[in-house]
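Engineer: okay, predicted coordinates and the sequence, questions at the end:
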Amino acid sequence: MAISSIAGSSISHSFRGQATQQSPQTIADPVAKALTPANNRIEQQLGSTKVQLSAYGQIKGAFAEVQAASKALSDTKKTTTGDDVKKGVESFVNAFNKANKAVGTAVRGDAKQVGTLANDPRARIAGNDLRHAVAEGSTLSDLKQIGITQNQDGSLAIDTQAFDTALQANPDQVRSTAASVGQQVEKTATRELANNGNVGSSVNALNQRSRSLEAQQSAQQDQLVASQRLVEQQTTQINNIFAGGLVAYQRTLTG
C-alpha cells in the first residue's frame, strides 16, 4: 500500500475518531448532569408539596361538611319535628368527628408514621379551634344535658337513649341547644375555610407553591432541550469542519 494511502487512512481514522468523540450525546451529557441536582431538588419539593396539599384537601373537605351540617342544625326551629332534630344532630356529630379525625391523622399520624402536617401549626390550630367551638362557655354542659359528650380526643359521642329522653322531656330546649351549637361551629368552620383562615390560606399557599415548582420544572426541561439542540447544532458544524478538512488533506496527499 502506498505511503500516501497509509497516511490518508491513518488521518481519516484519526478524524473519524475525533468526530466520534464530539457526538451530540457525549457533549450533551454534562449539560444534563449539571441540571440534574436542581431538577431532583424541585421534584422532591413538588412531591412534598403535593402530599401536604392532599392532606389539607381532606381537611378542607371535612370542614366543608361540618360547615354544612352545622348550618342545617343552626336552622332548627320550634316547628322542626323531633325526628328531624335527631337526624340533624346525628349528621352534625358525624361530620364533626370526621373533621376532627382528618386533622388528627394529618397532624399526629398513626402508629406506623408521623402525620404529614406534624410540623404545620395552622392545621393544629384549625383542629383546636374546631374542638373549642363546642367547649365554649356552657355549650359543653348544655350538650351533656341532651346526651352529647366530648371525648378526650375531641370527638363527640351521642347517647341516643339520653337524647330521646331529653327530646321528650323538653323538646324546645333540645332544639335551642342544637341551634346554638350549630351556629357556633358553623362560624368556626367558615372562618377556617376562608382565604385568610388556617385551612383556606394553607390550601391557597400550597397550590401557589405547587404551580411555581411546576413552572420551574418546566423551565428546566425547556433549558435542557434548548441546550441539547444547541449542542447538536454545534456538533454538526464541528463534524462538517472535520469532514471538509479531511477531504482537503487527502487531496494534498494524492495530488
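Structural biologist: Arrived safely, thanks for sending.

Engineer: wait, Gln45 sits on Leu213?
Structural biologist: Yes - counting by CB atoms under 8 Å, Gln45 does reach Leu213; the two are 5.6 Å apart. Backbone N, C-alpha and C define where each C-beta goes, glycine included.

Engineer: so between the two, which is more surrounded?
Structural biologist: Higher neighbour count among Gln45 and Leu213: Leu213, with 20 against 16, using other CB atoms under 10 Å.

Engineer: list the contacts of that one.
Structural biologist: For Leu213, the contact set (CB atoms under 8 Å, 6 or more residues apart in numbering) comprises 42, 45-46, 49.

Engineer: flag the shaky bits of this protein, pLDDT-wise.
Structural biologist: The chain contains residues with pLDDT under 70 at 1-35, 222-228, 230-235, 239-240, 242-251, 253, 255.

Engineer: residue ranges of the strands in it, please?
Structural biologist: 148-150, 156-158 (DSSP state E).

Engineer: how near is Val103 to Ser155?
Structural biologist: Relative to Ser155, Val103 is positioned 11 Å away (CB to CB, to the nearest Å).

Engineer: more neighbours: these two, which one.
Structural biologist: Remark: of Val103 and Ser155, Val103 carries more neighbours, 29 against 17, as counted by other CB under 10 Å.

Engineer: what about the residue lying closest to that one once chain neighbours are set aside, how many neighbours?
Structural biologist: In this structure, Val103 finds its nearest non-sequential neighbour in Gly127, 3.4 Å apart by CB to CB, 6 or more residues apart in numbering. Residues lying near Gly127 (other CB under 10 Å) number 26.

Engineer: repeat for the one 10 residues further on
Structural biologist: Using other CB under 10 Å, Gly137 is surrounded by 9 other residues.

Engineer: and Thr139, by the same measure?
Structural biologist: 18.

Engineer: does it touch Ala179 like I think?
Structural biologist: No - here Thr139 lies out of contact with Ala179, judged by CB under 8 Å, at a distance of 11.9 Å.

Engineer: please enumerate the helices of the stretch 51-200 of the chain.
Structural biologist: Applying DSSP state H, counting those that start in this stretch to the stretch 51-200 of the chain gives helices spanning 82-108, 121-132, 139-145, 160-169, 171-193, 198-254.

Engineer: which of the ones you listed sits closest to Ala64?
Structural biologist: helix 171-193 (6.6 Å; CB to CB).

Engineer: compute the inter-axis angle for that closest one and helix 82-108.
Structural biologist: When axes from the mean of the first three to the mean of the last three CA atoms, to 10 degrees is applied, the directions of helix 171-193 and helix 82-108 differ by 30 degrees.

Engineer: packing partners of helix 171-193?
Structural biologist: Contacts defined by 3 or more CB pairs under 8 Å, 6 or more residues apart in numbering; DSSP states H and E place helix 171-193 against helix 24-74, helix 82-108, helix 121-132, helix 139-145, helix 160-169, helix 198-254.

Engineer: go through that helix and flag the buried ones.
Structural biologist: The neighbour-count check on helix 171-193 (16 or more other CB atoms under 10 Å) flags 174-175, 177-186, 188-193 as buried.

Engineer: now swap in stretch 190-210 and tell me
Structural biologist: Within stretch 190-210, the residues that count as buried by 16+ other CB under 10 Å are 190-193, 197-200, 202-203, 206, 209-210.

Engineer: nearest to Leu117, of these?
Structural biologist: Ser202 (8.6 Å).
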